[in-house]
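# Quick one, fold the following:
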Amino acid sequence: MFDHLANDPKLSLSMKLEPGDMQFVYNHALLHDRTGFDDWNDPAQKRHLLRLWLSIPEDRPLPDVFASRFGSVEIGNRGGIHVRGTMSTIPWTI
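Below you'll find the predicted structure:
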């Protein structure tokens, strides 16, 4: 039943993101997924996605079970997911 409802075109939205597009999703209120993607071999053409974790001060409470994944469920102080061995590739200076 879950898969049936999640894939019902009347209850879902499909979009194609173009270069420069931004998508903001509130993960605790919206179920989302993405379709497959064939990336370019040329490093200069590879898709570059960034994930930004915002921890808003008046967010909704989360169950304690999320703490093992996020490090904290404290409102305004949720840590996101840190993947060992990765590093930021964004030039933070302008």
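# buried sites along stretch 44-63?
For stretch 44-63, the buried set under the neighbour-count rule, 16 or more other Cβ atoms under 10 Å, comprises 59, 62. For every residue, glycine as well, the C-beta is placed using N, CA and C.
# How far off centre is that stretch?
Taking Cα atoms, centre = their mean, to the nearest Å, one finds the center of stretch 44-63 at 5 Å from the center of the full chain.
# start to end distance for that stretch?
With Cα to Cα, to the nearest Å applied, stretch 44-63 spans 42 Å between its terminal residues.
# again with stretch 48-55
23 Å.
# and if you look at stretch 25-35?
End-to-end span of stretch 25-35 (Cα to Cα): 16 Å.
# mean confidence score for that stretch?
Confidence over stretch 25-35, taken as the mean pLDDT, stands at 84.
# Can you pull out the low-pLDDT segments for this protein?
In the predicted model of the chain, residues 80-82, 88-94 satisfy pLDDT under 70.
# all helices for it, in order.
2-6, 67-70 (DSSP state H).
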